[in-house]
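[1] Okay, structure incoming, though there's no sequence with it:
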């Protein structure tokens, strides 16, 4: 009886204990909001425990309603959460390397704030996780398909822009987005875009010099931030975070090819306009590995090789003697990159860091055709005419190093960052017509280079005793930029005396002349202060001010205010207002290109005149000054149910005095024609502050993740809606009334086409055991351009479809096959290629003119 009673009482106790258990659930993410799989969740004084799944979710039955949960994982700091009165808790873990290196999220200098808690929108692109699902291997094209506010197009027939892809954020200029690497300002390309459908007259950063294999994640701040980071941050900031993992790595080999000619958009109603073809073969191989050093130090190395063959997109299925370009398509390239990221502790509070790399790229792109009967051909050399090849040799060097330490309660960062970009042209399969049959067929055409050297001191301090927490940041930076143009060999630019006044210079791309050579530099100094205050646990406010002085145009001061208000546990409002600026780049100020022509014994020159030169001054073009902006944004974030999140952000960006390249003024002009004639200049273009614009838009991102059967399903809908208006054309007084030349209708349409009305992407990822698949649909808005006719040409909107399948073998090897643009969609064709910017039946807009591309990848975890 006693034994039975004891058993009965034990049953009652255990039953009551079961009823007393509390179920606790939630999600574990890193500081960028990315789910963490395999994190241990344990009850501190009990036996309950769980492991997070692939979506970062956990669920654990506690022995009582009051307990302490311990969250831990390899490479992460341990966090403890008290469960009193809770049944749900999300947790953010920080890696131990981040703890040592004090990594901040772009847009905030507080180490306490995650990307989901900032008062302005920050997108986190986990590059290291998504590259296996994408066919694209260069950074510009990766971002083109995963970030809706980012736009980039490969150009064709656009000289230097064929070799460096121009890219933009929120439809603004390529040089109106600041690029950081590990939070440090990165140098721009030395190229200024003269031709092409995007970024005409702009400079920008060549993102493709950084191997995707070296990148852990990319943070995209979609808000003006010049008051925090300085010049260029009008549209936003792209912060590239390099890998820092240790004792592990990866190696990837991939290959792809375009298989095109079957898409419905290639039928003009009278049959196909392109035969089936396979070209543009790409081979990419890279390896990354991190080595552990003493005291949590690390060195992470990446080597990358990329080969890409040309594509050929003929204008007609049968050759046409009047075809302006018999050969057209994407440029060929060979690219070699080596990057490193290192952190070395010196003492318990001090560490040394170093990151950067080298990149070498050789490119080759077809110029416009010279027909057999053209005055620019020598039939004895090219009986059937010729297609010049514009070659490029681009060298990029970068390095950033410094010391991070603590002085009392202050975190300090002393940094030096160096950057260098050199662009050299060569032209082959060409000739100098004025030399006749004795002409060489290849030339060194010169080029340009840009360097940036910067030193800075940065200090931050968190004060927990002020309200719910105050963070203060102070800093100063000194930067020097240098720009140089160097001439090509004489035959690349000279017109030699000849009986027929045959044109001189290398056909396809005339070289830079000694008269174009320049060697200029500029220095600027800046200082900033910003603060973030958590007034309550639900309301934070921030403010920033930055002053800078440039030795060419003087002082500028910019301010920013932002706030985030948490109205409910799963709903928050956020907004900001700021002023900004962009200093004109040294290439815009000093670029010069001269082509000499002799006709009927009269010598004249066609020039892009440097803004800093005497000709610009003589015709009344003032020295370039800074572009100025006012940014405002307002949005909200919400998680109405678990695993469903929605962010909506509206924005407005007003920019004054945007720098543009004017049209050609010639000797017939009634105002400056005499000045040009007196200098034997046939026609001239100038860089000038000429355009005021207003951009308004809306960004929407909706994500949802759930279990589906035995697997995990995640979906993302991301959209950018955009409208750019040209409010005013600012001519100089001397050229008033000449707006049609100063900034023609054709140029205006190019500027507006760079800001498409929308881009919407929808992606679905499904993982079950070792199998995963990804489907992505991307819709590009309709575009309008003015051709050489001139008339407005309307290009219908297009949708591309990407699909990939991956399988994980023995938890180490990932095999992936897939296709990008699998239905072979092209921009709407034009009936006359002679009227387009590219000289083909397609413009370099929307998804470009590559067509369907299929690929295979093998990735190995090391």
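    Noted; the coordinates are in hand. If you're wondering where the values come from, they're calculated on a predicted model, not measured in any experiment. Residues are numbered from 1 along each chain as shown.
[2] burial count for the residue nearest to residue 846 when sequence neighbours are not counted?
    Nearest residue to residue 846 in three dimensions, chain neighbours excluded: residue 780, at 4.0 Å (CB to CB, 6 or more residues apart in numbering). For glycine as for every other residue, the C-beta is placed from the backbone atoms N, C-alpha and C. Per other CB atoms under 10 Å, the neighbour tally for residue 780 reads 23.
[3] next one: residue 345
    Using other CB under 10 Å: residue 345 sits among 18 other residues.
[4] same deal with the one 4 residues further on?
    Other residues within reach of residue 349 by the criterion other CB under 10 Å amount to 12.
[5] Leaving aside the residues adjacent along the chain, what's closest to it?
    Nearest in space to residue 349, with sequence neighbours left out and distances taken as CB to CB, 6+ apart, is residue 406 at 4.5 Å.
[6] One more: residue 835?
    residue 787 (4.0 Å).
[7] Phi first, then psi, for that neighbour.
    phi -90, psi -170 (degrees, to the nearest 10).
[8] Break down the stretch 451-600 of the chain into its strands, ranges please.
    Using DSSP state E, counting those that start in this stretch, the strands of the stretch 451-600 of the chain run over 470-486, 518-534, 539-550, 554-568, 571-582, 593-599.
[9] err, the stretch 251-400 of the chain, not the other one
    277-292, 298-308, 332-345, 351-366, 389-407.
[10] Residue 594 is nearest to which of those?
    Residue 594 sits nearest to strand 389-407 of all those, at 17.8 Å, using CB to CB.
[11] State the distance from the residue nearest to residue 349 to residue 351.
    10 Å (CB to CB, to the nearest Å).
[12] Just say helix, strand or coil for residue 712.
    Following DSSP: H, G, I helix; E, B strand; the rest coil, the label given to residue 712 is strand.
[13] Going by secondary structure, the closest residue to residue 391 other than its chain neighbours is in what exactly?
    Using CB to CB, 6+ apart and skipping the chain neighbours, the partner closest in space to residue 391 is residue 426 (4.2 Å). Secondary structure from DSSP states H and E places residue 426 in strand 410-428.
[14] got the angle for that strand vs strand 389-407?
    170 degrees (axes from the mean of the first three to the mean of the last three CA atoms, to 10 degrees).
[15] of residue 406 and residue 351, who's got more company?
    Ranked by neighbour count (other CB under 10 Å), residue 406 and residue 351 place residue 351 first, with 20 against 14.
[16] ok, residue 329 - contacts?
    156, 279-280, 310-313, 366, 849-850 (CB atoms under 8 Å, 6 or more residues apart in numbering).
[17] go with 6 Å
    310-313 (CB atoms under 6 Å, 6 or more residues apart in numbering).
[18] Could you measure from it over to residue 278?
    In this view, residue 329 and residue 278 are 13 Å apart by CB to CB.
[19] got it, and residue 681?
    For residue 681, the distance to residue 278 - CB to CB - is 48 Å.
[20] can you check residue 452 too?
    From residue 452 to residue 278 the distance is 41 Å (CB to CB).
[21] So for those two, which sits in the more crowded spot?
    Each of residue 452 and residue 278 has its neighbours counted (other CB under 10 Å); residue 452 has more, 19 against 12.
[22] Redo the contacts of residue 329 as a markdown table? Include neighbour count.
    Putting the contacts of residue 329 into a markdown table (neighbours: other CB atoms under 10 Å) gives the following:
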| residue | neighbour count |
| --- | --- |
| 310 | 19 |
| 311 | 25 |
| 312 | 16 |
| 313 | 26 |
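[23] Relative to residue 490, which of those is nearest.
    residue 310 (29.5 Å).
[24] number of nearby residues for residue 360?
    When neighbours are counted by other CB under 10 Å, residue 360 comes out with 15.
[25] Need the per-residue pLDDT for the residue nearest to it when sequence neighbours are not counted.
    For residue 360, ignoring the flanking residues on the chain, the nearest one in space by CB to CB, 6+ apart is residue 336 at 4.7 Å. At residue 336, the model reports a pLDDT of 97.
[26] what sits opposite residue 336 in the beta ladder?
    With DSSP bridges applied, residue 336 shows beta-bridge pairing to residue 305, residue 360.
[27] is it true that it touches residue 361?
    No. The pair formed by residue 336 and residue 361 falls short of the contact definition of CB atoms under 6 Å, at 7.7 Å.
[28] higher neighbour count, these two?
    Legend: neighbour count by other CB under 10 Å for residue 336 and residue 361, higher for residue 361 (21 against 15).
[29] shaky segments in the stretch 501-650 of the chain?
    596-604 (pLDDT under 70).
[30] Mind jotting down where the helices sit in this structure?
    2-20, 96-101, 127-130, 139-146, 226-229, 586-590, 614-618, 673-678, 739-742, 745-753 (DSSP state H).
[31] Enumerate the positions of stretch 674-686 that are buried.
    For stretch 674-686, burial by neighbour count (16 or more other CB atoms under 10 Å) applies to 675-676, 681-686.
[32] outside of that stretch, which residues touch it?
    By CB under 6 Å, 6+ apart, the surrounding residues in contact with stretch 674-686 are 603-609, 616, 618-619, 621, 661-662, 664-667.
[33] Buried subset of the residues you listed as a PyMOL selection?
    Per 16+ other CB under 10 Å, the buried members of the contacts of stretch 674-686 correspond to this PyMOL selection:
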select buried, resi 604+605+606+607+608+609+616+619+621+661+662+665+666+667
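[34] count of neighbours near the nearest residue to residue 136 once chain neighbours are set aside?
    Spatial nearest neighbour of residue 136, chain neighbours left out: residue 142 (4.9 Å); criterion: CB to CB, 6+ apart. Residues lying near residue 142 (other CB under 10 Å) number 24.
[35] Would you agree residue 142 is in contact with residue 132?
    No. Contact criterion CB under 6 Å: residue 142 and residue 132 do not qualify, at 11.7 Å.
[36] burial measure for residue 551, as a count.
    For residue 551, using other CB under 10 Å, the count is 11.
[37] Excluding chain neighbours, what is closest to it?
    Distances taken as CB to CB, 6+ apart place residue 523 nearest to residue 551, at 5.2 Å, with adjacent residues excluded.
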